[in-house]
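[1] Please find the sequence and the predicted model below.
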Amino acid sequence: MLAIIVAFGCGATSATSPPVHETAGLTSPVGSKAAPVASESFGSRPLTLEECIRLTLEKSPYMDMAQVEINIKKIDAKNQWWRMFPKLKLYVTNNVNLTTKDDKSRNKLSVSFLSGTWDPVGSYLSHDASLLVTKLAKYEKLKTANELIANVIKIYIHAEFFDLIMHEQRELEELGQETLSYLQKMYPDAPVVPLEIRQAEQELKKVSSNRQTFVEQRVYTEMRAKRMMGIPVEQKIVLAKSDFADRVDTAYAPQKISYQELRSSALFAKMNAVRKELSNYGVYAAWADYVPKFTVAVRTPDPISSTTSGKEDFYLTLGINVPLLYWGELGRNIDRAKLAQKSEGYRRQISELTKEDNWYKGLTEVRAMQRDLDLSKVDLELQELALRKSEILFDAGQATYKDLVSAKVAVELKKIKLLSKQQNYLIRKLDAYALTGRLLNHYIEIKDDDL
């Protein structure tokens with residue numbers, strides 16, 4: 001089974017990790033902060049990112065499915081190994097003579113132990129190929145783990161920024177309520193509701209609706225976390241607060257990695273290398289069709305055609321099956337295997353080109369979003385200066401209360417816009433970094449012997 005050690009913290013696991021114990025295909029450090037969490041404790045204390053990742057890797061059906069696929073491939077490889085040795089089947093026939101009434105000669109029984117067709121060369125090649133298929137399945141499991149870890153981190157990013165945005169939305173709602181109260185005091189006895197009051201009421205409803213949308217998105221984020229960790233939806237959990245946004249911004253830096261490094265270390269590059277090696281076995285198998293096949297049998301003589309009177313005699317029969325006339329089919333199979341090998345090479349080349357394009361596209365988007373983020377920070381600073389100016393003018397009696405509130409609302413809107421851009425920037429940066437496969441190294445340790 002592929003051994004994965006969950007490491008806690010943003011850095012990779014050190015060489016002096018504490019003792020570990022097996023847990024559903026994963027091994028967790030004993031005595032660490034991420035020791036098994038009792039389900040009843042979820043509602044009493046925040047659930048850290050590292051705990052969420054560990055539970056997701058333990059409970060996710062995606063990881064279970066990937067492990068089942070590995071186990072299937074291992075069984076296939078074991079079957080191919082034993083096919084290098086001849087099989088034996090017991091074959092018993094009873095021949096009944098319908099023309100005689102003599103009970104002694106009426107029934108003729110024969111016993112045979114047959115191997116069937118024995119192809120040690122083909123089985124050897126199939127065994128080697130099945131080992132590569134097993135290795136590919138292990139890489140697929142790592143790829144699944146990489147995607148799950150990225151999804152868990154995204155959940156924490158969304159949760160953290162939804163909380164920040166909801167706080168700013170509450171500030172907007174309070175400003176809207178203050179504005180509405182101010183206007184109602186200005187027109188206490190108006191026979192008809194002034195347009196300004198109606199506009200303020202509508203703006204307040206809009207702000208409340210927007211905040212409720214973020215509340216629902218926050219609830220959905222927690223539900224996703226529960227599903228990924230295998231926790232019942234009705235059970236209460238609290239996602240821990242942390243400086244996680246800063247950690248993502250500093251720890252996951254795809255722009256510091258060249259594409260040459262990516263090609264040599266990323267999971268997709270390793271998987272392509274295995275696929276390249278695997279494509280050779282189709283050609284080997286086509287050539288192996290020229291190799292003779294064998295049969296082995298231990299049997300008693302055929303009672304119908306045999307002239308031997310001894311009923312207890314056993315004979316060892318060795319057979320060889322040599323291909324002679326196949327009308328060029330074996331040669332065409334070799335040509336087809338070579339074409340299939342070439343086609344697989346083109347598929348790998350297209351896959352690498354697509355990955356390279358996605359890599360540079362991701363880096364370009366990350367840099368563009370970073371520049372846009374810097375501009376938004378400057379815009380917020382300018383808007384805060386404008387608010388300060390409005391406060392001074394209002395205190396001096398040179399600006400109305402409406403002007404002051406408008407300046408405050410503009411600042412809050414800039415803050416919300418900046419938070420949304422920061423959230424999108426971190427998500428895009430994480431997606432770009434996840435392409436390298438190095439996200440695994442921050443949270444799990446992979447043993448080379450298992451690959």
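    Perfect, thanks for sending it.
[2] where do the strands sit along the stretch 201-350 of the chain?
    Along the stretch 201-350 of the chain, counting by DSSP state E, counting those that start in this stretch, strands occupy 293-299, 315-321.
[3] Helix or strand with the lowest mean pLDDT in the chain?
    Taking all helices and strands of the chain together, the one with the lowest average confidence (mean pLDDT, DSSP states H and E) is strand 20-23, at a mean of 32.
[4] does the residue lying closest to residue 204 once chain neighbours are set aside count as helix, strand or coil?
    The spatial neighbour of residue 204 that comes closest, neighbours along the chain excluded (CB to CB, 6 or more residues apart in numbering), is residue 176 at 3.9 Å. (Each C-beta comes from the backbone N, C-alpha and C, glycine too.) For residue 176, the assignment made with DSSP: H, G, I helix; E, B strand; the rest coil gives helix.
[5] Run through the residues that contact residue 176.
    With contact taken as CB atoms under 8 Å, 6 or more residues apart in numbering, residue 176 is in contact with 200, 203-204, 207.
[6] Which helix or strand contains residue 85?
    With the criterion set as DSSP states H and E, no secondary-structure element contains residue 85; it sits in neither a helix nor a strand.
[7] Need the per-residue pLDDT for it.
    In the predicted model, residue 85 carries a pLDDT score of 88.
[8] can you check residue 15 too?
    At residue 15, the model reports a pLDDT of 33.
[9] Residue 26 now?
    Confidence at residue 26, expressed as pLDDT, is 39.
[10] coming back round to it: as CSV, the strands of the stretch 201-350 of the chain with mean pLDDT and distance to residue 409 would be great.
    Written out in CSV, the entries for the strands of the stretch 201-350 of the chain read as follows (pLDDT from 0 to 100; distance: least, CB to CB, whole Å):
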stretch, mean pLDDT, distance to residue 409
strand 293-299, 83, 84
strand 315-321, 84, 87
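[11] Kindly compare burial across those and name the winner.
    Across those, the average number of neighbours (mean count of other CB atoms under 10 Å) peaks for strand 293-299, which reaches a mean of 16.
[12] Packing partners of that strand?
    In this structure, strand 293-299 packs against strand 107-114, strand 315-321, with contacts taken as 3 or more CB pairs under 8 Å, 6 or more residues apart in numbering; DSSP states H and E.
[13] Dump those into JSON lines; add distance to residue 446 as well.
    Compiled in JSON lines, those are given as follows (distance: least, CB to CB, whole Å):
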{"stretch": "strand 107-114", "distance to residue 446": "46"}
{"stretch": "strand 315-321", "distance to residue 446": "45"}
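[14] thinking again about what came up before, next, give me the two most distant ones among the contacts of residue 176.
    With distance counted by CB to CB, no two of these lie farther apart than 200 and 207, which are 10.6 Å apart.
[15] The stretch 351-451 of the chain: strands as residue ranges?
    Under DSSP E, counting those that start in this stretch, the stretch 351-451 of the chain gives strands at 444-446.
[16] Run through it and note the low-pLDDT ranges.
    Low-confidence segments of the stretch 351-451 of the chain, defined by pLDDT under 70: 447-451.
[17] and with 50 instead?
    Along the stretch 351-451 of the chain, segments meeting pLDDT under 50 are nowhere present.
[18] all helices of it, in order?
    401-434, 439-443 (DSSP state H, counting those that start in this stretch).
[19] Now residue 291: closest residue in space, sequence neighbours ignored.
    If the residues on either side of it in the chain are set aside, residue 291 comes closest to residue 121, at 4.7 Å by CB to CB, 6+ apart.
[20] Return the angle between stretch directions for whichever strand or helix holds the one you found and strand 293-299.
    Per DSSP H and E, residue 121 falls inside helix 120-186. Computed by axes from the mean of the first three to the mean of the last three CA atoms, to 10 degrees, the angle separating helix 120-186 from strand 293-299 equals 110 degrees.
[21] Dump the contacts of residue 176 into CSV; add pLDDT and distance to residue 269 as well.
    Supplementary listing: the contacts of residue 176 in CSV, determined by pLDDT from 0 to 100; distance: CB to CB, whole Å:
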residue, pLDDT, distance to residue 269
200, 85, 59
203, 88, 53
204, 89, 55
207, 89, 49
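[22] Give me the mean pLDDT for stretch 112-127.
    Confidence over stretch 112-127, taken as the mean pLDDT, stands at 87.
[23] Of the helices and strands packed on strand 293-299, which is nearest residue 129?
    Nearest to residue 129 among the helices and strands packed on strand 293-299 is strand 315-321 (22.4 Å), distances taken as CB to CB.
[24] May I see the strands of the stretch 201-350 of the chain arranged in JSON lines, with distance to residue 282 as well?
    Conversion of the strands of the stretch 201-350 of the chain to JSON lines gives the following (distance: least, CB to CB, whole Å):
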{"stretch": "strand 293-299", "distance to residue 282": "19"}
{"stretch": "strand 315-321", "distance to residue 282": "22"}
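[25] Quick one: closest of these to residue 438.
    In terms of CB to CB, the element of those nearest to residue 438 is strand 293-299, at 47.9 Å.
[26] Find the nearest non-adjacent residue to residue 297, please.
    Once chain neighbours are set aside, the closest to residue 297 by CB to CB, 6+ apart is residue 317, at 4.1 Å.
[27] try residue 280
    Counting by CB to CB, 6+ apart, the nearest residue to residue 280 once its immediate chain neighbours are dropped is residue 341, at 6.8 Å.
[28] Pull the contacting residues for the residue nearest to residue 297.
    By CB under 8 Å, 6+ apart, the contact list for residue 317 reads 295-299.
[29] In terms of distance to residue 92, which of the residues you listed ranks first?
    Nearest to residue 92 among those: residue 299, at 10.1 Å, using CB to CB.
[30] Residues in a beta bridge with that closest one, which ones?
    For residue 299, the beta-bridge partners under DSSP bridges are residue 112, residue 315.
[31] Isn't it up against residue 112?
    Yes. Taking contact to mean CB atoms under 8 Å, the distance of 3.4 Å between residue 299 and residue 112 places them in contact.
[32] Save the helices of the stretch 351-451 of the chain as TSV, and put in distance to residue 133 too.
    Conversion of these to TSV gives the following (distance: least, CB to CB, whole Å):
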stretch	distance to residue 133
helix 401-434	25
helix 439-443	22
